[in-house]
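[1] predicted model and sequence below, questions to follow.
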Amino acid sequence: MTLADLAAALGCPFEGDGSLNIVRVAKIEQAGPGDLTFLANMKYAHALATTGASAVIAPPGVTAPCAVIRTAEPYVALARAAAALAPDDRPPAGVHLRADVDGSAQVDASASIGAYAVVGPGARIGARTILHPHVVVGAGASIGPDCLLHAHVSIRERCTLGARVVVQNGAVIGSDGYGFATSADGSHIKIPQVGPVILEDDVEVGANTTIDRPAVGETRIQAGTKIDNLVQIGHGVVLGRNVLLAAQVGIAGSTRVGDSVTFGGQVGVGGHLTIGDGVKAVGQSGITNSVDAGAFISGYPAIDNREWRKASVVFRRLPEMRQRLRELERRLEALDKA
Amino acid sequence: MTLADLAAALGCPFEGDGSLNIVRVAKIEQAGPGDLTFLANMKYAHALATTGASAVIAPPGVTAPCAVIRTAEPYVALARAAAALAPDDRPPAGVHLRADVDGSAQVDASASIGAYAVVGPGARIGARTILHPHVVVGAGASIGPDCLLHAHVSIRERCTLGARVVVQNGAVIGSDGYGFATSADGSHIKIPQVGPVILEDDVEVGANTTIDRPAVGETRIQAGTKIDNLVQIGHGVVLGRNVLLAAQVGIAGSTRVGDSVTFGGQVGVGGHLTIGDGVKAVGQSGITNSVDAGAFISGYPAIDNREWRKASVVFRRLPEMRQRLRELERRLEALDKA
Amino acid sequence: MTLADLAAALGCPFEGDGSLNIVRVAKIEQAGPGDLTFLANMKYAHALATTGASAVIAPPGVTAPCAVIRTAEPYVALARAAAALAPDDRPPAGVHLRADVDGSAQVDASASIGAYAVVGPGARIGARTILHPHVVVGAGASIGPDCLLHAHVSIRERCTLGARVVVQNGAVIGSDGYGFATSADGSHIKIPQVGPVILEDDVEVGANTTIDRPAVGETRIQAGTKIDNLVQIGHGVVLGRNVLLAAQVGIAGSTRVGDSVTFGGQVGVGGHLTIGDGVKAVGQSGITNSVDAGAFISGYPAIDNREWRKASVVFRRLPEMRQRLRELERRLEALDKA
């Protein structure tokens, strides 16, 4: 792809030789001829002087020893450039001979259904949507247009995916929520979980992540939310728009998470809580109470991040503090006697 | 389903119009005509006065503005009512044309084997058991009657499932335990893991959960135990009866867990420990030592819950406490000089 | 297998009746006739006197009431003996009639491709490698010789596995890394993840573990490293040689882990860190900074294990310490007044 074509595709002006051939994206220090690099964080600006890249995506005012694509949002432009340069792995449209599509399912003619995929009775598959091999879509499920479902994904019965939803390998959408009624003899009786899971437009779900369906109502992931691998979403949870959940996060049932919330890896959240818009929690935080919008929290139980960091620094001094306490008591005892 | 029929199916008396049509289960505040709701926790009793439900499952002594099904165990009755009202998703009996069942496997004629399911040599599938599409049952494995295995489940060779076992999508029963012998040069030599995993009657296993097989002996999950999603059970573990493990719990090898134990999400348990009957651990606890029956524990290392909560409250005061300690030392110094 | 043949296979001398028939491996206390047991830890030496085993693997100098295979590395010899005695579960060579192998893929004639396995365009499968049913190998992926891929494994496009790599059920090699650029309106734009994951020789990956591919560069797991179940490896991570990661560990993107590092279960590691050779972290540690070679760490944030243990002991005394602090302040106040 030429630099001029790429810049046009991004809708950005460029400086330098528009006929340069751009082949792939690379980091500033590793880039060579044919590579496009980017400067999204000014702390790496010094490295730009010696880059071997053919071109760089950079904000206004930055000078470079190579061609430049100008934009105030270099990282976003990089994402779009990388998409334009990515290998075209799109399988052909149509249903593979070795797929099993129920006669009552509606599959758009432009969709691609891979080998051994199963599409159940009454399910719908939208335009240009790709089901890679071994995807199983249950009865009555609905998948919108331009979705990408990787191998071994399960979409359970009656769940709904909007447009442009991406689900990585092995993820499960609509497994039964963990709901049991305990009888007097201690045995646990299953409460059927029949409500749907709904993934709105532009949601992404990571590999082997599980999203549970509820007994009543629905589990809903709102538009633009991105979920990493091995995450657990309990039944009846609502995640707001543009939420980011890093790997191995777990959210217990019926909790509501606001828009643009960010959780680091392995964060755990209790059930029936309300997490306000824009909350950030660092990795491994344990959230046991509802959290006000905009809070930045850490620890278990999770508290204000600044407060937690200060207390954590003192934690390792605990043995010394106890020693000093003993010493004070001894000295005061001596004073009292004197 | 009429109210009278539903009450008869539950074996409970009812008050009101027995010919009422009941369609689904709903929460007290959201219920409308045709809905059955329930009162299992008296703190929601006030909401009952304004419910739009056609009927409610309620304990003796509670009055309602609608028909009532009476029982001392409302939540258990709800579970049974929801099962009676749930959509019948049962696939037809028989082996799908696109399944691969070994000639030496024994599949009951009333069982249902879905598309692309694989049943290995010598495996047995019990009466009325359902294998959804893409279930793989290894050589010599045995699945009892009335089991429900969702899509993409792996039951590895020589493992055994009792009656009425439910396994959610993508779970793995009988993966190799993590056992290696480290040689003098630092390389790790695999110890073959050939023992079986045994799931007794009425066990449920969540989506993408993994239960490992041991090198010697067995891994056993006793009757009635319910395991949530993304849980890891190490090789040689024994879980007692009616245990509840929330999502993302991990239990290391050879640990024995007693009856009716309850672990919150993301709890971690070390290897070779003994956890007594009825122990409860809150989410994210890290259990590093054996625990006596009946204990209620938290934190890492896990200690008595009450003690942990009190210490946690003080934790955030650590910087202030250090400051007060310094101040005391300064004042005592001044006193000493005086 | 006779004792003499087994000892010869292990390259170890033996004492006792070489014609003894050895059937399986068992623990010292549970072993009976036909069983081979082992003494790897001298604290179990007392149990040897009463074992019912036919033979024991033991270090020099230990006497036993049965036949003995002598070696200075009993646990390594046990691993090899167990492999020799394990049931031969090897499926026949060749491509199953119900597998889908692309015409441009290269599959060695000695490899075994199971039912419903998919091998994409240009992929290569090495000699004697086994793909169990439902394994999906993407376009251009390369699997070396003597690999073992269990049911439901996904190897994504262009990833590479060396020789003797084992991947347990449901694991995903090469899912998209979690990389998004956030635009001014708060939406997250996906950065295509096109780099490969490379698993070197003798790597083992546990069930339902996920290893992400990066946008640029590669994700690499070096030779001999063993990863347990439900582990998350972020994009661009490099794991050194002979690393051991227990279940549910999570390592964020671009972190480099040295040789022979050992992490307990549920350890979390931040992104862009460097973990030195031989570091050990106990279960549930949260590693937020780079760690020097040889360190033994615990807690969150992770600190020296010895220091953490001492501070943890004092943690539960915090309420009492605060009380003592108050008492000191009161007494000093009284002294001041006097």
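    Cool, got the structure.

[2] for the rest of this, base every contact and every neighbour count on C-alpha atoms.
    OK.

[3] quick check: the residue of the stretch 1-150 of chain A nearest chain C.
    A:Ala79 (4.3 Å; C-alpha to the nearest C-alpha).

[4] what's the helix or strand for that residue?
    Taking DSSP states H and E as the definition, one finds A:Ala79 inside helix A:74-85.

[5] where does the stretch 51-200 of chain A dip in pLDDT?
    Within the stretch 51-200 of chain A, not a single segment meets pLDDT under 70.

[6] how far does the helix holding A:Ala79 sit from its chain's centre?
    Distance, stretch centre to chain centre, for helix A:74-85: 18 Å (C-alpha atoms, centre = their mean, to the nearest Å).

[7] tell me, how many residues neighbour the closest residue to chain B within chain A?
    Ranked by C-alpha to the nearest C-alpha, the top residue of chain A for proximity to chain B is A:Ile191, at 4.3 Å. Close neighbours of A:Ile191, defined as other C-alpha atoms under 10 Å in any protein chain shown, add up to 24.

[8] contacts only, for it.
    A:Ile191 makes contacts with A:179-181, A:215, B:78-80, B:82-83, as judged by C-alpha atoms under 8 Å, 6 or more residues apart in numbering or on different chains.

[9] and the longest helix along chain A, what does it pack against?
    Longest helix in chain A, counting residues (DSSP state H): helix A:318-337. Helices and strands touching helix A:318-337, as assessed by 3 or more C-alpha pairs under 8 Å, 6 or more residues apart in numbering or on different chains; DSSP states H and E, comprise helix B:318-337, helix C:305-315, helix C:318-337.

[10] how about these in JSON lines, adding mean pLDDT?
    Putting these into JSON lines (pLDDT from 0 to 100) gives the following:
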{"stretch": "helix B:318-337", "mean pLDDT": "91"}
{"stretch": "helix C:305-315", "mean pLDDT": "96"}
{"stretch": "helix C:318-337", "mean pLDDT": "91"}
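
[11] tabulate the ones you listed in CSV, adding columns for distance to B:Val197 and mean neighbour count.
    Formatted as CSV, the helices and strands packed on helix A:318-337 follow (distance: least, C-alpha to C-alpha, whole Å; neighbours: other C-alpha atoms under 10 Å in any protein chain shown):
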stretch, distance to B:Val197, mean neighbour count
helix B:318-337, 47, 15
helix C:305-315, 35, 17
helix C:318-337, 44, 15
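
[12] out of these, flag the one nearest B:Arg164.
    Comparing the helices and strands packed on helix A:318-337 by their distance to B:Arg164 (C-alpha to C-alpha), the top pick is helix C:305-315, with 44.3 Å.

[13] quick one: that closest one to helix B:305-315, angle?
    Here helix C:305-315 runs at an angle of 100 degrees relative to helix B:305-315 (axes from the mean of the first three to the mean of the last three C-alpha atoms, to 10 degrees).

[14] who's in contact with helix C:305-315?
    Under the contact criterion C-alpha under 8 Å, 6+ apart, helix C:305-315 has outside partners A:315-319, A:322, B:301, B:311, B:315, C:296-299.

[15] kindly format the C-alpha coordinates of it as PDB.
    C-alpha atoms of helix C:305-315 as PDB (Å, rounded to 0.1, in the frame of the first residue of the first chain):
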ATOM      1  CA  ASN C 305       8.500 -13.500  51.100                       C
ATOM      2  CA  ARG C 306      10.100 -13.400  54.600                       C
ATOM      3  CA  GLU C 307       9.200  -9.800  55.100                       C
ATOM      4  CA  TRP C 308       5.700 -10.400  53.900                       C
ATOM      5  CA  ARG C 309       5.200 -13.400  56.200                       C
ATOM      6  CA  LYS C 310       6.300 -11.400  59.200                       C
ATOM      7  CA  ALA C 311       4.100  -8.400  58.300                       C
ATOM      8  CA  SER C 312       1.100 -10.800  57.700                       C
ATOM      9  CA  VAL C 313       1.400 -12.200  61.200                       C
ATOM     10  CA  VAL C 314       1.200  -8.700  62.600                       C
ATOM     11  CA  PHE C 315      -1.700  -7.700  60.400                       C
END
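
[16] roughly how far is that helix from the heart of the chain?
    28 Å.

[17] okay, the angle between that helix and helix A:318-337?
    50 degrees.

[18] near chain B, which residues of the stretch 101-250 of chain A show up?
    Contact residues, the stretch 101-250 of chain A versus chain B (C-alpha under 8 Å from any C-alpha of the partner chain): A:116, A:118, A:134, A:136, A:152, A:154, A:170, A:172, A:175-176, A:178, A:180-184, A:186-192, A:194, A:208, A:210, A:216-217, A:230, A:232, A:250.
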